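A.B. asks: Have a look at this prediction, sequence included:
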Amino acid sequence: QVQLVESGGGLVQPGGSPRLSCTTSGFTLQHYGIGWFRQAPGKGREGLACISDNDGRTTYADSVRGRFTISRDNAKNTVYLQMHSLKPEDTGLYYCGADLGTGQYDTWGQGTQVTVSS
């Protein structure tokens, strides 16, 4: 059974640096691309970062490039999103998605809420 479970969210002060985790099961992580996405209140889903299978190439949205880093630990079946310099506009539901060979991210976790507020 394929599962993606996010963790690491919560209430964060502006400027904070939390790390989110996406723990996977039911498939061999190293063979598939994983992306982190965000849905802010009243807005659509935004792709933030993705990491490719095998070579681990990373891609970032302009809104987070230089502040967020995506990485993977295949031995732990986990993909991370290290976030720095958080702003209130980074508030949202963060979730990971997997491309399991369809060419698009269509397998999702349930998400973890990040609220940036003082």
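C.D. replies: Good, I have the coordinates. All values reported here derive from a predicted model rather than from experimental measurement.

A.B. asks: and the residue nearest to the spatial centre of the chain, what is it in contact with?
C.D. replies: Central residue of the chain (CA atoms, centre = their mean): Trp36, 2.7 Å from the mean position. Residues near Trp36 by CB atoms under 8 Å, 6 or more residues apart in numbering: 20, 22, 47-50, 68, 70, 79, 81, 94-96. The C-beta positions use only the backbone N, C-alpha and C, and glycine is treated the same way.

A.B. asks: Over to Tyr80?
C.D. replies: Neighbours of Tyr80 in contact, by CB under 8 Å, 6+ apart: Arg19, Leu20, Ser21, Cys22, Thr69, Ile70, Ser71, Arg72, Asp73.

A.B. asks: excluding its backbone neighbours, what's nearest Val5?
C.D. replies: Excluding its sequence neighbours, the residue lying closest to Val5 (CB to CB, 6 or more residues apart in numbering) is Thr23, at 4.9 Å.

A.B. asks: Now the phi/psi pair for Gly97, please.
C.D. replies: For Gly97, the backbone dihedrals (degrees, to the nearest 10) come out as phi -130, psi 150.

A.B. asks: Verify the contact between it and Asp106 for me.
C.D. replies: Yes - using CB atoms under 8 Å, Gly97 is in contact with Asp106, at 7.2 Å.
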